[in-house]
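Novice: compute the structure for the input listed below.
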Amino acid sequence: MYGQELAKVYEIFYRSRGKDWASEAEDVVRLIRARRPEAASVLDVACGTGAHLATFDERFEHAEGLEIAAPMLELARRRLPGVPLHAGDMRDFSLGRTFDAVVCMFCSIGYLGTVEEMRAAVSSMAAHLPSGGVLVIEPWWFPDDHVEGYVAGDLGREDGLTVARISHSTLQGRATRMEVRFLVGDVSGIREFTEIDVLTLFTKEEYTEAFAAAGCSVEYLPGAPTGRGLFVGVRA
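Specialist: Numbers count the residues shown, from 1 in each chain. Here you go, the predicted model:
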């Protein structure tokens, strides 16, 4: 997942859909401050290219990021040279400090394959919160949301690149298997590559139980930012 080819064009096709990372991050900042007004530090888990983290860095005194995919982390480091960024796995990481808030956006937690892995990730995130710290996780779709055979298509143009993306989704066990094909064109020609994404359809109850097991209260806020809603918790 998130190889070198995809990392280069990742933001282009999402922006073509109208995705606004800065606006999404501002909404998350408001959710955090509503629960912890004095919040001064944040950790962005699975920070990707740093598109959300750039806004978090502006809104908090201290911000850090964690990312498992080296190509994405490389781009984040270019974007945010002054922000501490860590290579790490959300299921098992320890940064040696706590943060007023920990966030995990854009369905990244769905890439975990089992309920046990998801619970381990929530526990690792919560372990980096003090009492009263805020945990925000954007889930992948729930099982009832799956649409067998769903096809999505995007076309984006930026900085001399044209990127076409077509995805086809099928059910694989209790996960969404997306075959995603890309065509990328620039002055040198056209190249094609394929990514296979498998995202687990955890239930709302499984997320809720994971928050509780990690010592956090939890509420589910449906809808924004991408239609899948957000789980927001506060550590006891």
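Novice: could you list every helix and strand in contact with the lowest-mean-pLDDT helix or strand in the chain?
Specialist: Every helix and strand in the chain was compared by mean pLDDT, DSSP states H and E; the lowest is helix 4-17, with a mean of 87. When contacts are defined as 3 or more C-beta pairs under 8 Å, 6 or more residues apart in numbering; DSSP states H and E, helix 4-17 sits against helix 70-79, strand 151-158, strand 161-172, strand 175-186, strand 189-200. Just so you know, the C-beta spots here come from the backbone N, C-alpha and C atoms, and that holds for glycine as well.
Novice: can you show me the CA trace of stretch 223-234 as CSV?
Specialist: What follows is stretch 223-234, C-alpha atoms only, in CSV (Å, rounded to 0.1, in the frame of the first residue of the first chain):
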residue,chain,number,x,y,z
GLY,A,223,-21.2,12.3,8.4
ALA,A,224,-18.2,14.6,8.1
PRO,A,225,-15.5,14.7,7.0
THR,A,226,-15.9,12.0,4.3
GLY,A,227,-19.3,10.6,5.0
ARG,A,228,-17.9,7.9,7.4
GLY,A,229,-18.1,10.1,10.5
LEU,A,230,-15.7,10.3,13.4
PHE,A,231,-15.2,8.5,16.7
VAL,A,232,-14.2,11.0,19.4
GLY,A,233,-13.2,9.9,22.9
VAL,A,234,-11.7,11.4,26.1
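Novice: that stretch: which residues count as buried?
Specialist: 225-226, 228-234 (16 or more other C-beta atoms under 10 Å).
Novice: separation between residue 155 and residue 190?
Specialist: 13 Å (C-beta to C-beta, to the nearest Å).
Novice: in the least confident helix or strand of the chain, what counts as buried?
Specialist: Neighbour-count burial for helix 4-17, with 16+ other C-beta under 10 Å as criterion, is recorded at 5-7, 9-14, 16.
Novice: from these, which is closest to residue 219?
Specialist: Minimum distance to residue 219 across the buried residues of helix 4-17 is 26.9 Å, recorded for residue 14 (C-beta to C-beta).
Novice: need the contact list for the closest one.
Specialist: 154, 156 (C-beta atoms under 8 Å, 6 or more residues apart in numbering).
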